[in-house]
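In: fold the following, please.
(2 chains)
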There are 2 protein chains.
Amino acid sequence: MSHAASNAAVLSDSPTLAIVGATGAVGTVVLDVLPMRRHIWGDVRLAAGVEDVGKVCRVAGEDLTVQALTPEFFDGVDVALVDIPPEISAEWAEIAVERGVVVIDNSPTFRRDPDVPLVVTEINPEAVSERPKGVIANPGATVMTMIDVLAVLHAQWELTELVVTSLQAASGLGRAGMSRLHDEIAVVAGDRELGMRPGDVRRAIDHELGPGIFGGPLALNVLPFAGSHVGDGWSSEESKIRHETRKILGLPDLRVSATCVRVPVVSTHSVSVHATFAKSIAVGKARQALVEAPAVVVLDDPEHGEFPTPADIVGADPRFVGRMRQAIDFPRTLDLFVCGDNLRKGSALNMLQTAELVVATL
Amino acid sequence: MSHAASNAAVLSDSPTLAIVGATGAVGTVVLDVLPMRRHIWGDVRLAAGVEDVGKVCRVAGEDLTVQALTPEFFDGVDVALVDIPPEISAEWAEIAVERGVVVIDNSPTFRRDPDVPLVVTEINPEAVSERPKGVIANPGATVMTMIDVLAVLHAQWELTELVVTSLQAASGLGRAGMSRLHDEIAVVAGDRELGMRPGDVRRAIDHELGPGIFGGPLALNVLPFAGSHVGDGWSSEESKIRHETRKILGLPDLRVSATCVRVPVVSTHSVSVHATFAKSIAVGKARQALVEAPAVVVLDDPEHGEFPTPADIVGADPRFVGRMRQAIDFPRTLDLFVCGDNLRKGSALNMLQTAELVVATL
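Out: Numbers count the residues shown, from 1 in each chain, chains lettered A, B, ... in the order given. Okay, the predicted model is just below:
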């Protein structure tokens, strides 16, 4: 407890926070975001895979040493933020919950479980109190990109249909995704002939780097498939959008269609949204509602070059919305474009905010 | 006429073809595609902007010298393929038509004119005969990406609604677009920290290259705006999709909504399509119809990593379609993803094929 004791703001009876997967893409952002919110917590503990055990992370003036993930790691922990591969998250969640820990899990494992709340802190904060399994799920980052905007509009106009195309960043595959994209960009840079003959980009990248983790070359390309195949031609990312949007908004019959595309952006997802409502909606009023929403920033003056782009808003907490238009041929329908940092509010920040809500219920 | 005379296949009474804008991105592809189709034409003449006059282009064994664009250039020409900036294409089309030339224009200038046919050679070849102004318009390349697929499905199931998001390549802005993207890629390559802080990509690119032609940084980014602003928040590219799809398919009341996004791909546009039909449509039958369509290739086995991507199919003539799915919550609706080379069939090849249809009417 010497780290905590060295920080005057930390009270000895403050709750203990564990960050599991602390050295991953999401975990790293949790540690970036934590200093401003450090005062809520007493002890903070980090765990990660064996290759990172012993690593020291400096967080708000404290040096925290990454520990091995063992059952004992969870002893005395109040809330654990867990971002580890989905195939092991169920097992570790069970171990943690048995030791009295409230687990906030960022994998898809629990998201559809009716006994696990799926929480976006601006939308359904009250859901944190109902956690019969001791687990709270953090939504997928693509849903997080658009859900605040949709919730604001739904509150006034009642969402009935959603047709979306996502443009998802490399960081959706964690550090490995970002690293691979940088590697691919380095391979294609400098060859000004590339990108004009069938497969030349794929050959250049495969030759230098071997096949990657995106299911094809991502530099100078887009890949219309993200996640795994879940049947009938649908990807897991597309299926998540349908199920998680319905669950968070409490709309089990919401009509949803999604196409998920990976794009050569380092981090920050974008979603092109075609949203239909039960009530007559006008762009001006929708814009006003979004301007007033605390977690949303409207960037919408295309005549003067203003619209959100992922590279411009990466690292920021709000969701950014622009390109708001009345869908001319579709009644009660808006088209719009949303960008949101998938590692911050899309993952790390919402997990920490959810943990803070949990503290109030302990 | 010595060039033509040197080619045994060229008959002296064969029609004369002019290529205006021969050194541009589209013109260059016309010259790439022409050799296989050279036998149809007698003399072939090239014109371009002053900076390229005198340049020699080798086409099917002939050295053709780029001429200045003058009224006299059109004397004796039968068909002219014109790809020049829209602000001057109306003027030059008029000059050419006065000299008896049939103009095939690739600018948006004439596309909505009811007296100008908008021709896709697989869909409405008969339209070339009705050209009261002597002008035939070539559709925009984004519409061309998906229109063959839509026409095949429409023929059997009657298209009623279309919600699309385009992912458009840099070459939509011609050589300048491709060159700028390569320049931007060279700037961002090697800096593995880029893409994680707000605006860092923009600052790096602006610092090295100054502001570009895309309306923002395109490397490591996507830009949800393409073309110019046409009012009510709509871009010219989005407006084109609505008007041209309706005109080509002969469906003046088709409901269309589009969001056009520029992506860091050198060449070949992609479109994410959500298409609703009047008749009950099943993926299997739709796929079969597309497999049988001559201008379409189905690449659709995502379970085994098969789907179309722009970098893989650039330089090819057909449209490539994949990710075909029944939209679960939407009756009579398919979701799918289409890629098509915007410079080849999207522009150059369709212009040449249209010119060949015109020859039959001369």
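In: so which residues of the stretch 51-200 of chain A form strands?
Out: For the stretch 51-200 of chain A, the strands defined by DSSP state E, counting those that start in this stretch cover A:56-59, A:62-68, A:79-82, A:102-105, A:135-137, A:159-168.
In: need those strands in CSV with mean neighbour count, can you?
Out: Where you see a C-beta, it was placed from the backbone N, CA and C, and this is true even at glycine. Listed next are the strands of the stretch 51-200 of chain A as CSV, based on neighbours: other Cβ atoms under 10 Å in any protein chain shown:
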stretch, mean neighbour count
strand A:56-59, 14
strand A:62-68, 16
strand A:79-82, 26
strand A:102-105, 26
strand A:135-137, 25
strand A:159-168, 25
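In: and those: which comes nearest chain B?
Out: Set against chain B and scored by Cβ to the nearest Cβ, those come closest in strand A:159-168, at 3.9 Å.
In: per-domain residue ranges of chain A.
Out: Listed by automatic domain parsing, the domain ranges of chain A are A:2-138+A:347-359, A:143-341.
In: pull the helix or strand with minimum mean pLDDT from chain A.
Out: Least confident helix or strand, chain A: helix A:2-5 with a mean of 41, by mean pLDDT, DSSP states H and E.
In: would you format the strands of the stretch 51-200 of chain A as CSV with distance to chain B included?
Out: Listed next are these as CSV, based on distance: least, Cβ to the nearest Cβ, whole Å:
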stretch, distance to chain B
strand A:56-59, 17
strand A:62-68, 21
strand A:79-82, 20
strand A:102-105, 23
strand A:135-137, 22
strand A:159-168, 4
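In: can I get those strands in TSV with distance to residue B:345 and mean pLDDT?
Out: TSV is the format used below for the strands of the stretch 51-200 of chain A (distance: least, Cβ to Cβ, whole Å; pLDDT from 0 to 100):
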stretch	distance to residue B:345	mean pLDDT
strand A:56-59	53	94
strand A:62-68	54	96
strand A:79-82	49	98
strand A:102-105	48	98
strand A:135-137	46	98
strand A:159-168	23	98
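In: ok, which of those comes nearest residue A:356?
Out: strand A:79-82 (8.8 Å; Cβ to Cβ).
In: quick one: contacts of that closest one?
Out: A:15-21, A:30, A:74, A:89, A:92-93, A:96, A:101-107, A:348, A:351-352, A:355, A:358-359 (Cβ atoms under 8 Å, 6 or more residues apart in numbering or on different chains).
In: wait, residue A:290 touches residue A:150, no?
Out: No: in this structure, residue A:290 is not within contact of residue A:150 by Cβ atoms under 8 Å, at 10.5 Å.
In: which neighbours do those two share?
Out: Contacts common to residue A:290 and residue A:150, judged by Cβ under 8 Å, 6+ apart, are absent.
In: counting by contacts, list what the helix of greatest length in chain A packs against.
Out: In chain A, taking DSSP state H as the definition, the longest helix is helix A:141-157. Judged by 3 or more Cβ pairs under 8 Å, 6 or more residues apart in numbering or on different chains; DSSP states H and E, the packing partners of helix A:141-157 are strand A:159-168, helix A:236-249, strand A:269-277, helix A:283-292, strand A:296-298, strand A:319-326, strand A:333-340.
In: report the angle between it and helix A:283-292.
Out: 120 degrees (axes from the mean of the first three to the mean of the last three Cα atoms, to 10 degrees).
In: okay, the strands of the stretch 51-200 of chain A in JSON lines with distance to residue A:240 next?
Out: Listed next are those as JSON lines, based on distance: least, Cβ to Cβ, whole Å:
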{"stretch": "strand A:56-59", "distance to residue A:240": "30"}
{"stretch": "strand A:62-68", "distance to residue A:240": "29"}
{"stretch": "strand A:79-82", "distance to residue A:240": "18"}
{"stretch": "strand A:102-105", "distance to residue A:240": "14"}
{"stretch": "strand A:135-137", "distance to residue A:240": "11"}
{"stretch": "strand A:159-168", "distance to residue A:240": "10"}
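In: now residue A:243. Nearest residue, chain neighbours left out?
Out: Once flanking residues are discounted, residue A:243 sits nearest to residue A:112: 5.5 Å by Cβ to Cβ, 6 or more residues apart in numbering or on different chains.
In: tell me the pLDDT at that neighbour?
Out: For residue A:112, the pLDDT comes out at 96.
In: got a pLDDT number for the closest residue to chain B within the stretch 101-250 of chain A?
Out: Per Cβ to the nearest Cβ, the residue of the stretch 101-250 of chain A with the smallest distance to chain B is residue A:195, at 2.7 Å. The model reports residue A:195 with a pLDDT of 96.
In: contact partners for it?
Out: Taking Cβ under 8 Å, 6+ apart as the test, what residue A:195 contacts is A:188, A:201, A:220, B:178, B:265, B:266, B:267, B:311, B:314.
In: low-confidence ranges, chain A, go.
Out: Applying pLDDT under 70 to chain A flags residues A:1-12.
In: separation between residue A:130 and residue A:240?
Out: 22 Å (Cβ to Cβ, to the nearest Å).
In: neighbour-wise, which of the two wins?
Out: residue A:240 (23 against 11; other Cβ atoms under 10 Å in any protein chain shown).
In: please verify my assumption that that one contacts residue A:138.
Out: No: applying Cβ under 8 Å, one finds residue A:240 not in contact with residue A:138, separated by 12.0 Å.
In: one step back: buried residues, the longest helix of chain A. List them.
Out: A:141-154, A:157 (16 or more other Cβ atoms under 10 Å in any protein chain shown).
In: give me the residues contacting the very next helix or strand once past the least confident helix or strand of chain A.
Out: Downstream of helix A:2-5, the first helix or strand assigned by DSSP states H and E is strand A:17-20. Strand A:17-20 is touched from outside by A:27, A:30-31, A:41, A:43-48, A:69, A:73-74, A:77-84, A:92, A:96, A:101, A:355, with contacts defined as Cβ under 8 Å, 6+ apart.
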